[in-house]
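[1] Any chance you can model this:
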Amino acid sequence: MTAISGALRRNSSRLVEGAVRQSRTLSPEGLRERLFTLTFQGMVYPQIWEDPEVDLEALEITPECHVVAIASGGCNVLSYLTADPARITALDLNAAHIALNKLKLRALEELGEHGLFHRFFGQADDRANVALYDERLKPRLDRATRAYWEGRDLRGRRRITRFARGFYRFGLLGRFIGAGHLAARLFGVRLAALLEARDLEEQRLIFETAIAPLFDRRAVRWLADRPASLYGLGIPPAQYRALAGKEPGGMAAVLCSRLHRLACGADLRDNYFAWQAFGRAYPPLGGGRLPPYLEPVNFQAIKARAGRVEHHLMSITEFLRGQAARSLDRYVLLDAQDWMGPAALNELWREITRTAQPGARVIFRTAAEADLLPGRVSPETLRHWAYQSARSAELAARDRSAIYGGFHLYVAAERRP
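    Numbers count the residues shown, from 1 in each chain. Modelled structure (predicted):
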């Protein structure tokens, strides 16, 4: 088991380094990229931070669709099953993400009732989850996935025990959010107080009087201006530069603006992203909306369709190279293009264009508001695609996760040479 887990880590590290590295190794930027690669080797996203309801509106998935998506924490991939696609291929450079995705799929197939599934992945803080894993899930997992969850932390505890200790408090993102809560408490602010607001007006009042002033603190502004401090959000150096942009107030102003959207952009009962940020958990069952894959009404349909999902530890470009021309229908790139240099970006879009059916759809997010493709991807490639600017802006405004500057939708030309 240990040998398998080590091999997966090495393979994952190689893939991430290949994706992130854009600078000379011994340059300051190259050293930052190397440091990010090291932090990205384990679990990064215990839950994904893109709004699946926005994705589903943009993708317009039909029963004939083959969807290709970056897996990340798997929340979106499973939520796409509510639209009844023919097939989903989920890809990731991070072996821990693949292990989480496969655990969710096996739980869907093995657990017969929503209550058990929700306790495991919705509450994710019950000792009974570990017993359930040992008795019903562990024997049915492939060797690599089992090796990951049987792996030990520095205190000798199996990784699977995180589902008894609050799974969403772990991973790089979970620990980053925890550090944010600790820092706020040092200044006398309890971030979880936002969840006690009774309506949007009270949410805004709490944010403006208690949370926003934190970003005026010298220590907070100093930390925000250090790229390494945001590695916990899964933001590599190239994306940090795009996120910071030319904002006069620096990164602290950017973060304050995005957090304001998260805290005040929707009623808390409708925004489980805000619950994760301010409460480090999902709302209790019946106390607010959940990711579509965790909603009771969707459980049986998703369970029946779980066999349509397959996972691969590889880049999306590598996967597309092996696919037939005009064979794929939907592409979900998350924010991966923010990481890419011009050569990698052009290769990706050549493969997307080659494999896309007429009418295919591509969605992605960017740290900055503007679409990053014009001027970076060849006009010869982009002429096969129509950018849906108005629809993109509309959906970006409704994305409850609020962390990204832009949401973007491209549709392939119906008639292509």
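[2] And the longest strand along the chain, what's buried?
    The residue-count maximum for a strand in the chain (DSSP state E) belongs to strand 356-366. For strand 356-366, the neighbour count (16 or more other CB atoms under 10 Å) marks 356, 357, 360, 361, 362, 363, 364, 365, 366 as buried. Using the backbone N, CA and C atoms, a C-beta is placed for each residue, glycine as well.
[3] How about stretch 75-95?
    Buried-residue list, stretch 75-95, by 16+ other CB under 10 Å: 75-83, 85, 87-95.
[4] So what's the gap between it and the chain middle?
    Stretch 75-95 sits 12 Å away from the centroid of its parent chain (CA atoms, centre = their mean, to the nearest Å).
[5] All further residue positions should be reported with the first residue as 2.
    Okay, residue one is now 2; in that scheme the one you just asked about reads as stretch 76-96.
[6] so how far is the first residue of that stretch from its last?
    16 Å (CA to CA, to the nearest Å).
[7] model confidence over it, on average?
    Averaging pLDDT along stretch 76-96 yields 97.
[8] what's the answer for stretch 357-368, then?
    95.
[9] How about stretch 324-340?
    94.
[10] Now, the buried residues of stretch 76-96 that are in helices?
    Those of these mapping onto helices are 76, 77, 78, 79, 80, 81, 96, per DSSP state H.
[11] The third one and residue 106: what is the separation?
    Taking CB to CB, to the nearest Å as the measure, residue 78 falls 9 Å from residue 106.
[12] shared neighbours of these two, which are they?
    residue 310 (CB atoms under 8 Å, 6 or more residues apart in numbering).
[13] okay, which residue is most central for this structure?
    Of all residues in the chain, the one closest to the mean position by CA atoms, centre = their mean is residue 49, 3.0 Å from it.
[14] Just the mean pLDDT for stretch 300-320, thanks.
    97.
[15] State the mean pLDDT of stretch 113-131.
    Averaging pLDDT residue by residue across stretch 113-131 gives 97.
[16] Now do the buried residues in it.
    Across stretch 113-131, burial judged by 16+ other CB under 10 Å covers 115, 117-126, 130-131.
[17] Likewise for stretch 197-215?
    198, 204, 207, 208, 211, 212, 215.
[18] next one: stretch 382-396
    Per 16+ other CB under 10 Å, stretch 382-396 contains these buried residues: 382, 383, 385, 386, 388, 389, 393, 396.
[19] On the three-state scheme, the residue nearest to the centre of the chain is what?
    Here residue 49 is recorded as coil under DSSP: H, G, I helix; E, B strand; the rest coil.
[20] quick one: it and residue 316, what's the gap?
    18 Å.
[21] now do residue 79
    Counting by CB to CB, the gap from residue 79 to residue 316 is 21 Å.
[22] In terms of residue numbering, what are the domains of this protein?
    Dividing the chain into domains by automatic domain parsing, as the record does, gives the ranges 3-40, 191-280.
[23] Mind telling me what element the closest residue to residue 195 other than its chain neighbours is part of?
    Beyond its immediate neighbours in the sequence, the residue positioned closest to residue 195 (CB to CB, 6 or more residues apart in numbering) is residue 279, lying 4.6 Å away. Using DSSP states H and E, residue 279 maps to helix 273-280.
[24] quick one, strands of the chain?
    67-71, 88-93, 310-314, 329-333, 357-367, 386-388, 407-413.
[25] can I get these in TSV with distance to residue 221?
    Below are these laid out as TSV (distance: least, CB to CB, whole Å):
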stretch	distance to residue 221
strand 67-71	31
strand 88-93	32
strand 310-314	37
strand 329-333	33
strand 357-367	25
strand 386-388	37
strand 407-413	25
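[26] Looking at those, spot the one closest to residue 44.
    strand 88-93 (11.4 Å; CB to CB).
[27] Could you tell me how many residues sit around residue 311?
    If you count neighbours by other CB atoms under 10 Å, residue 311 ends up with 12.
[28] How much space separates the nearest residue to it once chain neighbours are set aside from residue 319?
    Nearest residue to residue 311 in three dimensions, chain neighbours excluded: residue 90, at 5.6 Å (CB to CB, 6+ apart). Computed with CB to CB, the distance linking residue 90 and residue 319 is 12 Å.
[29] How about residue 389?
    27 Å.
[30] I'd like a version of the buried residues of stretch 113-131 in TSV, one that adds distance to residue 190 as further columns.
    Shown next, in TSV, are the buried residues of stretch 113-131 (distance: CB to CB, whole Å):
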residue	distance to residue 190
115	36
117	37
118	35
119	31
120	32
121	32
122	30
123	28
124	26
125	26
126	24
130	32
131	34
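[31] Of the buried residues of strand 357-367, which pair is most distant in space?
    Across those (CB to CB), the longest gap, 24.7 Å, separates 358 and 367.
[32] nearest residue to residue 46 other than its sequence neighbours?
    Spatial nearest neighbour of residue 46, chain neighbours left out: residue 74 (4.3 Å); criterion: CB to CB, 6+ apart.
[33] Tell me if I'm right that the one you found and residue 48 touch.
    Yes - between residue 74 and residue 48 there is a contact under CB atoms under 8 Å: 4.8 Å.
[34] Between the two, which is the more surrounded one?
    Between residue 74 and residue 48, counted using other CB under 10 Å, the more crowded position is residue 74 (26 against 23).
[35] Helices along the stretch 2-151 of the chain, start to end?
    In the stretch 2-151 of the chain, helices defined by DSSP state H, counting those that start in this stretch lie at 3-21, 29-40, 53-60, 76-81, 96-111, 115-119, 128-133, 144-151, listed in chain order.
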